[in-house]
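In: below: sequence and its predicted model.
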Amino acid sequence: MTHPGSTGESGEAAGQETGEGGARAAAPGQQKMTSFDQIYDRPDPRDFFRDLGRWEYQTPHHAQGVFRRLAAARTRADGGDPLAVLDICCSYGINAALLNHDLTLEELSAHYTSPQAAALTTAELIERDRAYFAARRRPDAVRMIGLDRAANAIGYALAVGLLDEGFAEDLEEDPSGAALLKAAQTVGLITVTGGASFLSPRTFRPLLSAAHREVWVAAFVLRTGSYQSIADGLTPFGLVTEKAEAPTYRQRRFTSAQEQQHAVDAVTALGEDPRGKESDGYYHTAFHLSRPAHDAAALPLPALLREA
């Protein structure tokens, strides 16, 4: 598991998804993706936003409204009890920033790529960011727990107050730590915007087993890979997975004609149509939501996405 990420989720790059904190064997369709390995575990997010901004990385932007809608729905379903959200592959806390603060991804990118930010040390940036995020905190902010194997990224998100708890663990390789399992007890929503291609039920199983409430799992998944193995692994926990056929969401621009061709081929091999999506120069994600059947019936997925 890489950012075990946005950023977040976040996108897929040569052997790993954007937003992830470390490399592992590439899934089919990911082998020819451009590598951004150097930006996932820096002391702060400046390189992340600079390098991915060149390719119009945007998954957290699309996830922002969806995740806010889901968090509100889960809170209502639990009678208003405080909600904890666990962001898998959380990277520098980008999804947490967008969920809990009056910010856009464009504003966050400008914040980290400005000349003023470039002139600061990491310690100075952390001090500035504490005030920056505190001033933009939403009244409906939820408790955020982050999981990513990138320890520097987790440390940054904790230092500036984006995460209430953060864990630099890789559940694909190692058992869950006791503190993580305790934190998972209060989780009602799990989010993923980058890294699904490198995750399996091994990551989700201990988290769902530890939870003391019903959990929804929301994931933006690149169309170049299949989510079926994870969906199958969620079934024993009473979760039914729905895939939104429309809309799909741009992830980033391709870095080369070769990268684009491999993506088109991978999408086609999975029985999907790349026309108007990958054929137009961008990776696209599809949204998947796993939840109990009664919740799916009460709040249909198309309506949820329309309102987000």
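Out: Thanks, I have it.

In: where does pLDDT dip in the stretch 1-150 of the chain?
Out: Where the stretch 1-150 of the chain drops to pLDDT under 70, the residues are 1-31.

In: give me the outermost residue of this structure relative to its centroid.
Out: Within the chain, A119 marks the point farthest from the mean C-alpha position, 28.8 Å out by C-alpha atoms, centre = their mean.

In: now do the same contact list for that residue.
Out: By C-beta atoms under 8 Å, 6 or more residues apart in numbering, the contact set of A119 is empty. (C-beta placed from N, C-alpha, C; glycine too.)

In: where do the helices of the stretch 51-200 of the chain begin and end?
Out: In the stretch 51-200 of the chain, the helices defined using DSSP state H, counting those that start in this stretch lie at 59-77, 94-100, 105-113, 115-118, 122-134, 151-159, 178-184.

In: show me what the fifth one is packed against.
Out: With contacts taken as 3 or more C-beta pairs under 8 Å, 6 or more residues apart in numbering; DSSP states H and E, helix 122-134 sits against helix 151-159.

In: circling back to that earlier point, highest mean neighbour count across the helices of the stretch 51-200 of the chain, which stretch is it?
Out: helix 94-100 (a mean of 30; mean count of other C-beta atoms under 10 Å).

In: list the contacts of that one.
Out: So helix 94-100 is contacted by 6-10, 19, 45, 60-61, 63-64, 67-68, 71, 85, 87, 90, 103-105, 108, 133, 137-138, 141-142, 144, 146, 157, 162-163, 191, 193 (C-beta under 8 Å, 6+ apart).

In: pick out the residue closest to the middle of the protein.
Out: Centre-nearest of the chain using C-alpha atoms, centre = their mean is T193, 2.5 Å out.

In: from W216, how far off is that residue?
Out: The gap separating T193 from W216 is 15 Å, by C-beta to C-beta, to the nearest Å.

In: what does I145 give?
Out: I145 is 15 Å from W216, by C-beta to C-beta.

In: same question for T121.
Out: Distance from T121 to W216, by C-beta to C-beta: 40 Å.

In: neighbour count winner among those two?
Out: Neighbour totals were compared for T121 and W216, and W216 leads with 22 against 10 (other C-beta atoms under 10 Å).

In: which ones are touching that one?
Out: 70, 74, 188-190, 239, 289-291, 295.

In: D51 now?
Out: Applying C-beta under 8 Å, 6+ apart, the residues near D51 are 36, 39.

In: picking up where we left off before, just checking, the residue nearest to the centre of the chain touches F220?
Out: Yes. At 4.9 Å, T193 and F220 qualify as touching, with contact defined as C-beta atoms under 8 Å.

In: now do the same end-to-end measure for stretch 262-275.
Out: 14 Å (C-alpha to C-alpha, to the nearest Å).

In: let the chain start at 23 from now.
Out: Okay, using 23 as the starting number, the last item reads as stretch 284-297.

In: list the buried residues for it?
Out: Neighbour-count burial for stretch 284-297 flags 284-286, 288-289, 294, 296 (criterion: 16 or more other C-beta atoms under 10 Å).

In: chain neighbours aside, what residue packs nearest to Y249?
Out: Closest residue to Y249 apart from its sequence neighbours, by C-beta to C-beta, 6 or more residues apart in numbering: V243 at 4.7 Å.

In: for that neighbour, give me the pLDDT.
Out: We have a pLDDT of 98 for V243.

In: tell me which element it is part of?
Out: According to DSSP states H and E, V243 maps onto strand 238-244.

In: report the angle between that strand and helix 81-99.
Out: On the basis of axes from the mean of the first three to the mean of the last three C-alpha atoms, to 10 degrees, strand 238-244 is oriented at 160 degrees to helix 81-99.

In: do I have it right that R160 meets H123?
Out: Yes. The pair R160 and H123 qualifies as a contact (C-beta under 8 Å) at a distance of 6.1 Å.

In: for these two, indicate the residue with more neighbours.
Out: Neighbours per residue (other C-beta under 10 Å) separate R160 from H123, with H123 holding more: 19 against 12.

In: and the nearest residue to P104 once chain neighbours are set aside, what are its bridge partners?
Out: Spatially, and ignoring its direct neighbours in sequence, P104 is nearest to R165 (6.4 Å; C-beta to C-beta, 6+ apart). Judged by DSSP bridges, the bridge partners of R165 are A106.
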